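1. predicted coordinates and the sequence they were generated for:
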Amino acid sequence: MISSSPLLRWIPAFTWLRAYHRSWLRGDVLASVTLAAYLLPAALGDASLANLPPEAGLYACLFGGLVFWIFCGSRYTAVSATSAISLVIASSLAEMTGGNTTRFGALAAGTALLVSLIAFIAWLVKAGVMVHFISESVMTGFKCGVALFLASTQLPKLFGFHSAHGSFWENTGFFFEHLSETNSMSLIVGGIALAFLIVGKILLKHKPVALFVVIGGITAASVLSLETRGVKLIGAVPQGIPPFRLPAVYWQDLNQLLPLAFACFLLGVVETAAIGRMLVAKHGGRFDANQENLALAASNLAAGFGSGFPVSGGTSQSLVNEEGGAQTPLSTALAAVFILIVVLFFSHLLSALPQPVLAAVVLVAVGGLLKLSTLKQLWQSDRPEFVVAVTAFIGVLTFGLLLGVMIGAVISLVQLVRVSSRPHVALLGRIPGTRRFSDCERHQDNQLIPEVMIFRPESALIYFNVDNVCDAILSRVRAAPKLPKLVVLDLSAAPLVDMQSAHMLAGMAEELTAKHMRFQAVEPRSSVRDRLRHEGVDSKLGGVNRFATVADVIDQFQRERNASPLQPNEPHPKE
């Protein structure tokens with residue numbers, strides 16, 4: 001029975017198809033038409049960005065779309081080729097292929113299969129959480145770099161001459177050196193297309209304006225014979241679907257393709273998660289990043305076998321789908337069917353599309369990547385995050401997209417380690433009128449307990465951060481106007497204490513005790529108590545149990561101080 005099968009968890013389509021209402025169909029059909037109209041020119045543009053023939057973009061959207069909807073958990077996410085992945089493909093495979101277009105296409109399809117394998121492994125090991133390791137500041141810098149890099153590759157096409165294939169700086173230098181080769185008719189055609197697209201983006205947001213611009217460009221090319229005036233066309237687009245086959249990739253190619261595939265996977269999973277989380281926040285529900293990994297694995301498998309290249313959830317495409325009235329993922333499946341009809345019967349019409357028009361489509365489609373306002377906001381509110389974003393930005397411009405992705409990932413991990421290695425250690429005071437304690441930095445009216453200092457590390461205690469935690473505690477104790485008689489360590493906010501941390505805490509306790517201060521750890525979780533006892537350090541921490549609270553320890557200390565002027569560990573005047 002399907003109802004008792006794990007297929008219900010692995011294939012969400014089984015669940016929502018059984019509950020499908022007829023009233024949803026109209027919204028899904030209308031959304032699918034709008035989405036297909038948006039995807040068709042975008043697919044051609046992304047294939048151009050990837051230095052692949054235009055049909056490769058159509059195949060990627062077609063085969064990826066026919067599969068993604070079955071496995072995805074998000075209602076609105078649409079899968080397609082994306083500009084960032086396309087640029088990574090173009091910049092990475094150019095050196096490997098030496099201009100051999102057939103081999104270029106095979107390696108691009110092979111990369112999609114490797115992305116599928118990586119995504120499937122990520123799903124198996126439940127690595128969906130990895131998307132949180134790439135910070136938003138890194139992605140902001142990366143996307144700004146992608147936008148400028150893209151402009152450097154497309155502007156020559158808009159002006160009617162061939163483009164370079166280097167870094168942003170090399171491409172920009174090449175563009176200005178060859179401005180004298182501008183074809184005036186190409187610039188006019190591309191400029192008109194660009195103007196219509198920009199106006200449409202402002203006045204008709206998320207409408208298929210690009211489709212009408214493409215149709216207008218094809219019509220103008222035929223009526224005005226633009227090719228005879230030096231305007232380059234995209235050329236023949238094969239009609240029909242390719243054979244479903246394994247691309248001609250050899251074992252010796254894998255070492256070079258694996259880093260590229262990982263970069264494409266990283267970009268894909270981050271963008272898919274970003275749009276998925278945004279739409280869930282808007283419409284409610286639950287986002288499962290791990291389920292999207294399975295959907296990416298299936299769609300890239302289909303795209304790879306179908307002579308496409310890597311795909312992922314696209315931000316603009318998904319917004320088009322949502323605003324088009326989609327009710328379920330069926331809209332993305334129907335959009336793929338419409339693309340299939342075009343590929344089977346109408347693809348030959350696309351051969352007359354002018355290159356400058358396609359360049360204009362691409363430039364406007366990714367114009368939203370240049371988030372200068374976000375960079376300005378980071379500069380004003382968080383300088384360290386701004387530095388991270390700019391580092392990723394410059395990395396993309398200088399070293400290319402593949403290394404830019406890797407630099408961004410490394411920056412994110414370094415940033416994570418930096419933050420995790422210095423967790424906040426709160427100095428606690430009593431909340432007036434209660435037996436509860438909270439951070440004195442956040443609540444200035446909290447009451448400090450005489451002769452007592454209470455600390456709460458607000459993180460797991462692990463080998464790479466425990467030194468900083470102990471140093472923070474000891475520094476505050478030493479800086480106190482008068483050394484406390486009791487130091488309390490509240491472990492309630494520490495879900496984990498590893499072996500090294502247990503012994504470091506014991507060493508700190510011994511150092512304080514040697515200076516005639518009492519040390520007491522309180523409120524450790526069960527797993528933490530087990531660790532401290534297993535390492536034999538619980539007695540050095542004053543004994544740990546699940547009953548004593550911070551308030552209990554303070555009460556006992558104050559009773560003892562009131563009962564006797566001399567306390568344990570306090571030296572006798574004659575000593």
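-> Thanks, I have it.
2. helices of the stretch 151-300 of the chain, residue ranges please.
-> In the stretch 151-300 of the chain, the helices defined using DSSP state H, counting those that start in this stretch lie at 168-177, 184-203, 209-223, 254-283, 289-305.
3. report all helices and strands that the last one contacts.
-> Using 3 or more CB pairs under 8 Å, 6 or more residues apart in numbering; DSSP states H and E as the contact criterion, the secondary-structure elements in contact with helix 289-305 are helix 54-71, strand 78-80, helix 101-124, helix 254-283, strand 312-314. From N, CA and C alone the C-beta is placed, and that goes for glycine too.
4. show me what the fourth one is packed up against.
-> Under the contact criterion of 3+ CB pairs under 8 Å, 6+ apart, the helices and strands touching helix 254-283 comprise helix 83-97, helix 101-124, helix 289-305, strand 312-314, helix 315-323, helix 401-421.
5. hey, which of those is tucked in deepest?
-> Ranked by mean neighbour count under mean count of other CB atoms under 10 Å, the helices and strands packed on helix 254-283 are led by strand 312-314, which reaches a mean of 30.
6. which helices and strands does that strand pack with?
-> For strand 312-314, the packing partners by 3+ CB pairs under 8 Å, 6+ apart are strand 78-80, helix 254-283, helix 289-305.
7. Ala521 bridge partners, please.
-> Beta bridges link Ala521 to Leu489 when assigned by DSSP bridges.
8. what about it, neighbour count?
-> 27 (other CB atoms under 10 Å).
9. ignoring the adjacent residues along the chain, who's closest to Arg476?
-> Nearest residue to Arg476 in three dimensions, chain neighbours excluded: Leu427, at 6.4 Å (CB to CB, 6 or more residues apart in numbering).
10. including distance to Ala50 and mean pLDDT, could the helices and strands packed on strand 312-314 go into JSON lines?
-> Shown next, in JSON lines, are the helices and strands packed on strand 312-314 (distance: least, CB to CB, whole Å; pLDDT from 0 to 100):
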{"stretch": "strand 78-80", "distance to Ala50": "13", "mean pLDDT": "88"}
{"stretch": "helix 254-283", "distance to Ala50": "11", "mean pLDDT": "82"}
{"stretch": "helix 289-305", "distance to Ala50": "12", "mean pLDDT": "92"}
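11. now the strands: where do they sit in the stretch 401-550 of the chain?
-> Per DSSP state E, counting those that start in this stretch, the stretch 401-550 of the chain carries strands over the ranges 425-430, 437-439, 452-457, 486-490, 518-522.
12. and the first one, what does it pack onto?
-> Helices and strands in packing contact with strand 425-430 are listed as strand 437-439, strand 452-457, helix 466-479; criterion 3+ CB pairs under 8 Å, 6+ apart.
13. quick one, the last one and strand 425-430 angle?
-> In other words, helix 466-479. For helix 466-479 against strand 425-430, the angle by axes from the mean of the first three to the mean of the last three CA atoms, to 10 degrees is 50 degrees.
14. buried ones in helix 466-479, by neighbour count?
-> 466, 468-470, 472-473, 477 (16 or more other CB atoms under 10 Å).
15. which residues make contact with that helix from outside it?
-> Residues outside helix 466-479 that contact it (CB atoms under 8 Å, 6 or more residues apart in numbering) are 421-423, 425, 427, 453, 455, 457, 459, 461, 483-484, 487, 489, 500-501, 504-505, 507-508, 511-512, 517.
16. could you tell me how far that helix lies from the centre of the chain?
-> 35 Å (CA atoms, centre = their mean, to the nearest Å).
17. what of the shortest one?
-> Taking the mean C-alpha point of strand 437-439 and that of its whole chain, the gap between them comes to 35 Å (CA atoms, centre = their mean).
18. just checking: what are the partner strands of that strand?
-> Sheet pairing of strand 437-439 (DSSP bridges) gives strand 425-430 (antiparallel).
19. list of residues touching the strand it pairs with?
-> With CB under 8 Å, 6+ apart as the criterion, strand 425-430 contacts 436-441, 443, 446-449, 453-458, 469, 472-473, 476, 488, 490, 550, 554.
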